[in-house]
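Quick one, what's the 3D model for this:
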Amino acid sequence: MKRVNNIWSVIVVLVLFSACSSSKQVNQTEELNESTPLSISQAEEQAFNATGEGEVRIGDEESEYEIIIIDPGFYTWLKSIARPEGYYDQAFLESRNQLYVLNWNQRALGLYNADPNLYLMQINYEPGIDYGYEVNYKLYNYFIYFQRKYKQRLGPFVPRI
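A predicted model of the protein is given here:
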């Protein structure tokens, strides 16, 4: 009888534990919505709407790699809102960029029900190539900017600054 009570105690504890630990998983293909904890400051909103620099070239002077971003507001956002160069190390930037590029390219190929006006082209980013710090820094920050401005989700992380 004591053994039966112990078994029931373990089952009750497991049921309570699983009920308490269940959480809502965010589907990374969904757009961010009001329930996603994402606060956009007034300064960031102004940077999104800036019309200054229309084109940002991301490239490393020592390599042949270049990315051109044509998104009004990104340059202003990069200079005024983004973390400064050196804040992240290159390994962190590379790992995040690989994840974001993978999700971006899946949407550009139409594998998810994503707005085709946002994902016009694929990004050719190979994990084994050293693109340098500047390319990784600006690409990473573009992904953060893009996710925050267009309320998109390119991975399991909430795009924070």
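
Not including adjacent chain positions, what is the nearest residue to G110?
P116 (7.2 Å; C-beta to C-beta, 6 or more residues apart in numbering). Where C-beta positions appear, they are placed from N, C-alpha and C, glycine not excepted.

wait, is that neighbour part of a helix?
No. Secondary structure of P116 (DSSP: H, G, I helix; E, B strand; the rest coil): coil, not part of a helix.

What's the separation between it and Y142?
19 Å (C-beta to C-beta, to the nearest Å).

which of those two has more neighbours?
Neighbours around P116 and Y142, counted as other C-beta atoms under 10 Å, are more numerous at Y142. The numbers are 22 against 10.

The more buried one against F74, yeah?
Yes. Y142 is within contact range of F74, at 6.3 Å (criterion: C-beta atoms under 8 Å).

could you check the distance from L38 over to E44?
L38 is 11 Å from E44, by C-beta to C-beta.

Which one of those two is surrounded by more residues?
When neighbours are counted by other C-beta under 10 Å, L38 and E44 differ, and E44 comes out ahead with 20 against 15.

Show me the contact partners of the strand or helix carrying A43.
Per DSSP states H and E: A43 is located in helix 42-48. Here helix 42-48 makes contact (C-beta atoms under 8 Å, 6 or more residues apart in numbering) with 40, 73, 76-77, 80-81, 148-149, 161.

Go again with 7 Å.
Under the contact criterion C-beta atoms under 7 Å, 6 or more residues apart in numbering, helix 42-48 has outside partners 73, 76-77, 80-81, 149.

List the residues that contact the closest residue to I40 other than its chain neighbours.
Once flanking residues are discounted, I40 sits nearest to R148: 6.5 Å by C-beta to C-beta, 6+ apart. By C-beta under 7 Å, 6+ apart, the residues touching R148 are 38, 40, 159.

For the helix holding A43, buried residues please.
Using 16 or more other C-beta atoms under 10 Å as the burial criterion, the residues of helix 42-48 that qualify are 44, 47-48.

Ramachandran angles for the residue nearest to I40?
Backbone geometry at R148, expressed as degrees, to the nearest 10, gives phi -70, psi -40.

Quick check, pLDDT for it.
Note for R148: predicted pLDDT of 94.

Kindly report the same for A19.
Predicted confidence (pLDDT) for A19: 36.

cool, R83 as well?
Note on R83: pLDDT of 95.

before we move on, back to that, ok, the residue nearest to I40 to I129 distance?
To I129, R148 is 27 Å away according to C-beta to C-beta.
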